[in-house]
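>>> Mind folding the following:
(2 chains)
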Amino acid sequence: MATKRVGMEGSFAIAEAIKLARAEAIAAYPITPQTHIVERLAEFVANGELDAEYIPVESEHSAMSACLGTSAVGARTFTATASQGLELMHEVLYVASGLRLPIVMTVANRALSAPLSIWTDHSDIMAARDCGWIQIFAENAQQAFDLMLCAFRIAEDPAVLLPTMVNIDGFYISHTIEPVEFLDQSVIDKFLPEYQYPYPLDTDKPVTMGAFGPPFIYTETKKAHEVVLRDSKKVILKVWQEFGKLSGRNYAPVESYKTENADVLLLCMGSFSETAMMAIDKMQAEGEKVGLIRLRLWRPFPVEELRQAVSKAQVLVILDRAISLGGAPPVCSEIQAALYPLKTRPKIISFAGSLGGREISAKGFEELIHHGVGKAKRGELDEFEIIGVRD
Amino acid sequence: MESLAIYAPRLVTNKEYFAPGHRACMGCGEALAVRLVCKALGRNVIIANATGCMEIVSSQIPSTSWEVPWIHTLFENTAAVASGIEAGIKVLRRKGKYDKKTKVVAMAGDGGTADIGFQALSGALERGHDFIYICFDNEAYMNTGIQRSSSTPFGASTTTSPAGKVSIGQTTWKKNLPAIAAAHAIPYVATACHSYPFDLMSKISKAVEVKGPSYIHILSVCPTGWRLPSDLTIRAGRLAVETGIFPLYEVEEGKYTLNLDFPKLRPVEDYFKLQGRFRHLSKETISQIQEMVATKYAELKKRATRNDY
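From the prediction side, this is the model:
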C-alpha cells in the first residue's frame, strides 16, 4: 500500500518512479524542461542507488537510437525529452514502435520554435502523434509518478511490446513541487517483475531486425502495428486497474469530473484539467450545469469511452493546447471524427489556446465555457478560435 | 617477414556469416569486404547496420543474408544504436542476465559515416563504447544512384558532382575519416581493402580484441558507381593502394604503422584509367592530383613510426 507523502518536484518524482522501476538503461540529452529528470537519474546512478547504464548521448536523435540498441538486447530502457528534442528524434520514434521495442519515455511538453519558446504547449507531441507509440497524459506530479510506473508494465506486456510515452506539461508538472505519495520497492517489484524481451539480439539465436519491407509486405506490417496498438487498450485498462488496487489511485482512458446532469462539457488534456476543475466547482456551485472531461489516453484513441462520456451533453467545448497550422486543432478534429457517425452528438466548439506557456486561470476557463456556450447558441460551429489573442 | 601476413594465405573459415544469395551488383567490392569481415568476426557478434547498399541487398523480407544477430534502423544513427547495444549488454552482464562474449559492430557506408552519421560516430567514439565501427567506403551514395559524398575523391564524376564543360566533377579532397577517428584518441584505427583480404581480416581480428572503440575504414570498390568492369574490382583495390591513393595503415594508441609500402608508387593514372568516373580528367588535373597524393603519402610515411613491411 501507499506509504509516505512528500513534497517533491514533478521531475524528481518521475526519476523516483524510474528508479523504482529498476530501469537498466537510460539515454540522456539535456533539454528544458525535461532536464531535471535525467539529472536526478544521473545522481542515482552515480551514487549506486540505481544499477543502470547511463548513456550521455550527443543528441536526442542518438538518445532514441541508443534506446533502440539497449531495448533490442533486452534491457529495460528509459529516456526523456521535450519539444525540439522530440522533433529531432522524430524518425527514430517510428522505428522504435515499428520494431516493437518497449522503450518508455517522458515528454515534458513544450512549444516548438520559431520563435523559440521553452514554455509549455502540446505542439511537440501533436507533431509526433502518428508515430505508433502508446501516448498517455498526466495532470500532476502524482499522476506522472503513477503513470510512469504503469508505462513499463504496459509497454513490456508480451501482448503489447510497444514503446510508451507519458506526457507531462513542461514546468507545470516538471518544475512544480507537489505532494506525491510513493510506493515501496517491494510493492513495485511485485507489480513490475524483471523484464524479459522475447526476441532479443542474441548470438545463440540470431535474428534479423529492421529488414526492409517491399510493397508486398509493408501494408501488412502497418496493419499488424495498428491492430496491436488498438488492442493495447485492454492491457492498459488491466494495468491501471491493478495499479488502482495497489495505490488507491485509479486511472481511465477518459475521465469525467462532475459530469452528472451536465449539459455543457469542457474537454482538455494535461495539467489544464486541474485549473479547469476549479472553474467547474465554482460554476456548479452557482447552479450551472457544466462538467469536465479529461482525455488521459491519446493513443490508442479511446473512441468508445469518449462517446460514452459525452453522450448526454448538449455542448462540448474542446480546448486544444496546440494548433494544426492551416487545419483544425488536433484533439478537436480527432473527437469530431469519433462522434460524427453518431445519430445524436453534442455541438462541438473548438478552441485553441495557452500556446507557448500562456496562462489560463480558473476565471479564464469560466469565461471560455460561457463563450463556447454562446457560440453554440448562435450556431457558430464551423471555425475554431484561438483564445486570448491580443489585437 | 611480417609482410608475408599481407600476401600469404592463411587458413580461413569456410563458414559464411554473410550468406550468398543477396542482391549486390556483380563484382561488388563492399559485399566481398562484408563477407571477409564477417568471417574474421565469427559468430560472437551483434551487428548494427546503417541504411545503404548492404542493408538493402541483404535483408529484404522474408529473406536475410545474416547468420549473426543483426539490426538495421536508420541511416545516420548506427553508431548510436551500437552504443545502446553495448551499454545494454554491459548492464545485463553486470546483473547476471547475460553471460556471452559478444563484440558489437557498427557497419555503414561512406555517406552514413562521413556525412549524415558523422555526429553519432563522433559521440560514440568519444564516449568510449567497446565496439568496432566499420566504414565501407565506396566513395559515393551508391544505393541512391552515385551521388557525391564528402568521401568522394577529387575529380570523380558523380550524379551530383557531374563533370561538365566548366566542372571537373568533385572539387573537394576526400575527407580524412581515419585521421578524424584517430583524433578521438581511440585505441585502434586502421584502413583496409578487400583486395588485401588477409590484411583486412587480421585487422578485424585485432579490433575484436581491443577494449574500447575501434574504427576500420575499408575501401570498397564499386564497379557500378566507379564505371568499372565488374571483373576488375580486385585490381582496382590493389591499384588504389599501389598508387598511394589509399594507403594501408594502422593507428594504435596514436602510433601510426604503414602496413605496406613500395619502392616507388605507381602513377595515379594507372588507377584512374580503369574507371569511367575519372575518364574526363585532363593531364593537368591528373598531375595536380598526383602531386597531392605524393604529398599526403609522404606526410603519412613521416608520421608512421613503424613500417610493417
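
>>> Burial check on residue 59, number of neighbours?
Picking chain A for this. Residue A:59 has 18 neighbours, counted by other CB atoms under 10 Å in any protein chain shown. In short, each C-beta sits where N, CA and C put it, glycine included.

>>> look at chain B instead
Neighbours around residue B:59, by other CB under 10 Å: 23.

>>> Also residue A:158?
10.

>>> Show me what counts as buried in the helix or strand that contains residue A:246.
Assigned by DSSP states H and E, residue A:246 belongs to helix A:215-247. For helix A:215-247, the neighbour count (16 or more other CB atoms under 10 Å in any protein chain shown) marks A:225, A:228-229, A:232-233, A:235-237, A:239-240, A:243, A:246-247 as buried.

>>> Save those residues as TSV, and put in distance to chain B too.
Output for these, formatted as TSV (distance: CB to the nearest CB, whole Å):
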residue	distance to chain B
A:225	14
A:228	18
A:229	20
A:232	22
A:233	27
A:235	24
A:236	26
A:237	30
A:239	24
A:240	28
A:243	25
A:246	25
A:247	27
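
>>> Could you let me know which of those ends up closest to residue B:110?
Of all these, residue A:225 has the smallest distance to residue B:110: 32.7 Å, by CB to CB.

>>> Quick check: closest non-adjacent residue to that closest one.
residue A:132 (5.6 Å; CB to CB, 6 or more residues apart in numbering or on different chains).

>>> Now do the contacts for the one you found.
Residues in contact with residue A:132 (CB atoms under 8 Å, 6 or more residues apart in numbering or on different chains) are A:93, A:94, A:97, A:98, A:162, A:163, A:225, A:229.

>>> Whatever residue of chain A ends up closest to chain B and residue A:96, how far apart?
Nearest to chain B, among the residues of chain A, is residue A:69, at 2.3 Å (CB to the nearest CB). Taking CB to CB, to the nearest Å as the measure, residue A:69 falls 11 Å from residue A:96.

>>> ok, these two, which is more surrounded?
Using other CB under 10 Å, the more surrounded residue of residue A:69 and residue A:96 is residue A:69, with 34 against 26.

>>> next one: phi and psi at that one?
Main-chain dihedrals, residue A:69, degrees, to the nearest 10: phi -70, psi -50.

>>> before we move on, what about residue A:270?
The phi/psi pair for residue A:270 (degrees, to the nearest 10) reads phi 90, psi -160.

>>> you'd agree it is up against residue A:136?
No - at 10.7 Å, residue A:270 and residue A:136 do not qualify as touching, with contact defined as CB atoms under 8 Å.

>>> hey, what's in contact with both of these two?
Counting by CB under 8 Å, 6+ apart, the contacts common to residue A:270 and residue A:136 are residue A:167.

>>> Could you grab the helix/strand/coil label for residue B:57?
Secondary structure, DSSP: H, G, I helix; E, B strand; the rest coil: residue B:57 is helix.

>>> That one: how many residues sit nearby?
By other CB under 10 Å, the residues close to residue B:57 number 19.

>>> Which pLDDT value goes with it?
According to the predicted model, the pLDDT of residue B:57 comes to 97.

>>> Could you report the separation of it from chain A?
Residue B:57 is 10 Å from chain A, where distance means CB to the nearest CB, to the nearest Å.

>>> Please name the residues that touch that residue.
B:22, B:23, B:24, B:28, B:31, B:65.

>>> Same question for residue A:168.
By CB under 8 Å, 6+ apart, the contact list for residue A:168 reads A:10, A:14, A:106, A:107, A:108, A:109, A:138, A:144, A:174, A:270, A:271.

>>> which among those residues gets closest to residue B:236?
After measuring those against residue B:236 - CB to CB - the closest member comes out as residue A:107, at 50.1 Å.

>>> Show me how far the host helix or strand of that closest one is from its chain's centre.
Here residue A:107, judged by DSSP H and E, is contained in strand A:104-109. Remark: strand A:104-109 is offset 7 Å from the chain centroid, using CA atoms, centre = their mean, to the nearest Å.

>>> next helix or strand past it?
Per DSSP H and E, strand A:104-109 leads on to helix A:123-127 as the next helix or strand towards the C-terminus.

>>> Mind telling me what element the nearest residue to the residue of chain A closest to chain B once chain neighbours are set aside is part of?
Distances taken as CB to CB, 6+ apart place residue B:84 nearest to residue A:69, at 2.3 Å, with adjacent residues excluded. If you go by DSSP H and E, residue B:84 is part of helix B:78-94.

>>> so after that helix, what's the next helix or strand?
Trace forward from helix B:78-94 with DSSP H and E and the next one is strand B:103-109.

>>> hmm, back to that, I'd assumed residue B:91 was in contact with the residue of chain A closest to chain B.
No - Residue A:69 sits out of contact with residue B:91 when judged by CB under 8 Å, with a separation of 11.8 Å.

>>> which residues of chain A score low on pLDDT?
Across chain A, the ranges flagged by pLDDT under 70 are A:1-3.

>>> how's it carved up into domains?
Domains of chain A are assigned by automatic domain parsing as A:5-247, A:254-386.

>>> Pick the most deeply packed of those domains.
Neighbour counts (mean count of other CB atoms under 10 Å in any protein chain shown) averaged over each of the domains of chain A peak at domain A:5-247, with a mean of 21.

>>> and the residue of chain B nearest chain A?
In chain B, the residue that lies nearest chain A is residue B:84 (2.3 Å; CB to the nearest CB).

>>> Could you measure from that residue over to residue A:298?
27 Å.

>>> so where does residue B:291 fall, helix or strand?
Element membership for residue B:291 (DSSP H and E) is helix B:283-303.

>>> Run through who's touching that helix.
B:154-155, B:168, B:173, B:243-245, B:247, B:249, B:256, B:258, B:261, B:265, B:267-269, B:272, B:281.

>>> please redo it, this time with the cut-off set to 7 Å
Defining contact as CB atoms under 7 Å, 6 or more residues apart in numbering or on different chains, one finds that helix B:283-303 is touched by B:154-155, B:168, B:243-245, B:247, B:249, B:256, B:258, B:265, B:267-269, B:272.

>>> now the residue of chain A closest to chain B: how far from residue B:121?
From residue A:69 across to residue B:121, the span is 14 Å (CB to CB).
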